[in-house]
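[1] I need the structure of the sequence given here:
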Amino acid sequence: MDNDELKKNSNDSIPEEELNTEEVENASADQESEDKNSGSEKEEVEKLTPEEELKQIKDKLARTFAEMENQRRRFEKEKEDAYEYGGYSFAKEALNLLDNLERSKAALENDEKLKDTEALKKILEHLNIINNDMLSIFKKNNIEPVKSINEKLDPNLHQAMMEIEDDTKEPGTIIQEIQKGFMMKDRLLRPSLVGVSKKKAKEVEKEDQKDEKN
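    Next up, the predicted model:
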């Protein structure tokens, strides 16, 4: 008897009832797993009641509207800044023209050959007219010089470049302006470069001696 016939005989020897029982058990196992999967899906769906779903939707809408409002405010602020300070960079660069005018005036006034001549007076007059015109244009565009002389040093507006002994002023008072600072509305274009007063060395020594005695 060959192998095929043996296999056939062995299969034929298994009762039909046993085969049916195995099929039923396998089918029931598959059905149980399907029931479990469908049951878990139902539970997930049934977890949220209509009220809870509505609440979730309301929360999402509220967050979306809040984000939209924040974006709108940012856009409005950027638009405002662009309108108010659109010429900020240009104004900052234009200050170099004023600086060059001041340097030109100082160079001419210190020229020994030109001192006390009519030519110098006329040149300085023209330079002063140009300087005043530029300041007037700046003022129309809300660009004005920072107050410095006789003001207390403000780190937000002034930059101290040196200390000068002066007992007539309180220490930290601005007594010299090296370069003008400018504001554009409430923004600083550049700080004033200044010299501030300090007490003379002798006065400091006297105060130290008084403190030691006390």
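[2] Break this structure down into its structural domains.
    Per automatic domain parsing, the domain ranges recorded for the chain read 3-46, 48-84, 86-141, 147-214.
[3] Confidence-wise, which of these is weakest overall?
    When the domains of the chain are compared on mean pLDDT, domain 3-46 scores lowest, with a mean of 52.
[4] Helices along this structure, start to end?
    For the chain, the helices defined by DSSP state H occupy 3-13, 16-47, 50-84, 88-109, 118-140, 201-213.
[5] OK, contacts around H158?
    With contact set as Cβ atoms under 8 Å, 6 or more residues apart in numbering, H158 has these partners: 146, 148, 151, 174, 181, 191-194. C-beta coordinates here come from the backbone N, C-alpha and C atoms, glycine included.
[6] any chance of those residues in CSV, plus neighbour count and distance to N100?
    CSV is the format used below for these (neighbours: other Cβ atoms under 10 Å; distance: Cβ to Cβ, whole Å):
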residue, neighbour count, distance to N100
V146, 20, 19
S148, 23, 20
E151, 17, 26
I174, 23, 24
G181, 20, 17
P191, 20, 19
S192, 25, 18
L193, 17, 16
V194, 26, 20
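[7] Narrow the residues you listed to those in strands?
    Here DSSP state E is the test, and these give 174, 192-194 as lying in strands.
[8] List just the nearest of the residues you listed to K105.
    In terms of Cβ to Cβ, no member of the ones in strands among the contacts of H158 lies closer to K105 than L193, at 17.5 Å.
[9] correct me, but K199 touches P171?
    Yes: with the criterion set as Cβ atoms under 8 Å, K199 and P171 qualify as a contacting pair; they are 5.8 Å apart.
[10] Greatest separation within the contacts of H158: which pair is it?
    Once Cβ to Cβ is applied, the contacts of H158 give E151 and L193 as the farthest pair, at 13.7 Å.
[11] circling back: look at K199 and P171 and report which has more neighbours.
    Each of K199 and P171 had its neighbours counted (other Cβ atoms under 10 Å), and the higher figure belongs to K199 (17 against 14).
[12] Appreciated, that's everything.
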